[in-house]
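1. got a sequence here, can you model it:
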Amino acid sequence: MSLMARLPGVLLVILGLSGLLLGYSRVSIPQPGIRSTDGWQVNVRSAERETLQLLPGIGPVLADRILAWQQVLDGEPSDRMMIENMITIPGIGTRTIERLRPFIEMGVCSEPVVHDQ
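-> Sure, this is the predicted structure:
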């Protein structure tokens, strides 16, 4: 079998190993023609700037504002860290919250979480 014929399998192995090294527990491979929004979630309570920028519509400016919001609410009761309360962040409105809802969670873990379907 030629190298080119084995390349897709090799790439999947590399992707899987890199996910394990980066702390992802499971990675789901998207199916062609099926759009899924629940393949992964980011813990907004503890995410870093680069991770926040993986979210749709979140660039460097909004990522910095979310980080500032994290610091203000650090140590606050968990009900203050609800997704609905993100509306207090300048530049995040109800449409942004609804767009982000499938991709974020407000747990207490310190790593991005990737969920299997």
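
2. number of residues surrounding the residue lying closest to residue 92 once chain neighbours are set aside?
-> In this structure, residue 92 finds its nearest non-sequential neighbour in residue 86, 5.3 Å apart by C-beta to C-beta, 6 or more residues apart in numbering. (Each C-beta comes from the backbone N, C-alpha and C, glycine too.) Burial of residue 86 is recorded as 20 neighbouring residues (other C-beta atoms under 10 Å).

3. hang on, isn't residue 86 packed against residue 97?
-> Yes. In this structure residue 86 lies within contact range of residue 97 using C-beta atoms under 8 Å: 5.8 Å.

4. returning to that earlier point: measure the residue nearest to residue 92 to residue 40 for me?
-> 18 Å (C-beta to C-beta, to the nearest Å).

5. what residues does the helix or strand harbouring residue 100 touch?
-> Element membership for residue 100 (DSSP states H and E) is helix 94-100. With contact meaning C-beta atoms under 8 Å, 6 or more residues apart in numbering, helix 94-100 is reached by 55-58, 83-84, 86-87.

6. can you do 10 Å?
-> Identification of contacts with helix 94-100 by C-beta atoms under 10 Å, 6 or more residues apart in numbering yields 37, 42, 44, 55-58, 62, 83-87, 89, 92-93, 104.

7. buried among these? Make that a ChimeraX selection.
-> Those of these that count as buried under 16 or more other C-beta atoms under 10 Å are selected in ChimeraX with:
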select :42,44,55,58,62,86,89,92,104
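
8. show me the contacts of helix 94-100 that map onto helices.
-> residue 62 (DSSP state H).
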